[in-house]
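Student: Provided below are the primary sequence and the corresponding predicted coordinates.
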Amino acid sequence: MALSSVTATAVLTLIGCGVLILHLVQRQTGTVGLLVGLGLAMVPLPFVLGGLAWLNLTARVPLRHTVFCLGWGACAATTVAILANNWTASYLTRHRGPFGELLGAGIATPVIEETAKATALLVLLLPLGQRLRCHGRRTGRPCAALLRRLPAPRSPRPYPRHPVGPH
């Protein structure tokens, strides 16, 4: 199976972000700190993957989307958060003193991190917006090509409904 150029670019970008994170954390904490951090980061992974598998029983999500979101959260969003938080913390501390440090840790850091993570969802939802706009048109080649590429929507209830109680 050949990878498209978009997929290859996304994979290479996520790998590059992962390598940059490893370098930055190793530089800040040392090799022992990096290894301890990697070990501790792996602790919740089985629970997250189990939760995703459980949720996928009712709301089917393509595996590529799940892997993209996990990779984005682990690599790209973390890289953005580390770089932006370091810059914001130094800027606020320099201009606001101790209050700036508290402001950065309490307000700026969560906003930066969650915005970076939410960007992945927006990236995945962009084709859906194009698809919804195309349903209103009766003709049009761009919409027809887009609809052929995207998977058809699943029925809301993939499993047969069984009556509860006496028959």
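Tutor: Nice, I can see it.
Student: any stretches of this protein with poor pLDDT?
Tutor: 1-3, 128-167 (pLDDT under 70).
Student: distance of residue 64 from residue 30?
Tutor: 36 Å (C-beta to C-beta, to the nearest Å). Any C-beta I mention is one placed from the backbone N, CA and C, and that applies to glycine too.
Student: now the helices for the chain?
Tutor: Along the chain, counting by DSSP state H, helices occupy 5-42, 45-55, 63-71, 77-96, 98-103, 109-134, 141-149.
Student: buried set for the longest one?
Tutor: Judged by neighbour count using 16 or more other C-beta atoms under 10 Å, the buried positions of helix 5-42 are 10, 14, 17-18, 20-21, 24-25, 34.
Student: over to stretch 51-70?
Tutor: Using 16+ other C-beta under 10 Å as the test for burial, stretch 51-70 gives 68-70.
Student: just give me the residue right at the centre of this protein.
Tutor: residue 69 (3.3 Å; C-alpha atoms, centre = their mean).
Student: so how far is residue 118 from it?
Tutor: Separation of residue 69 from residue 118 (C-beta to C-beta) stands at 11 Å.
Student: try residue 9
Tutor: Separation of residue 9 from residue 118 (C-beta to C-beta) stands at 21 Å.
Student: same thing with residue 105?
Tutor: Separation of residue 105 from residue 118 (C-beta to C-beta): 20 Å.
Student: the two: which is more packed in?
Tutor: Neighbours were counted for residue 105 and for residue 118 using other C-beta atoms under 10 Å; residue 105 has more, 14 against 11.
Student: thought residue 117 was touching residue 74?
Tutor: No - using C-beta atoms under 8 Å, residue 117 is not in contact with residue 74, being 10.2 Å away.
Student: which residues do these two both contact?
Tutor: Overlap of the contact sets of residue 117 and residue 74 (by C-beta atoms under 8 Å, 6 or more residues apart in numbering) is empty.
Student: burial count for the residue lying closest to residue 85 once chain neighbours are set aside?
Tutor: Nearest residue to residue 85, sequence neighbours excluded (C-beta to C-beta, 6 or more residues apart in numbering): residue 109, at 5.2 Å. Residues contacting residue 109 under the criterion other C-beta under 10 Å number 16.
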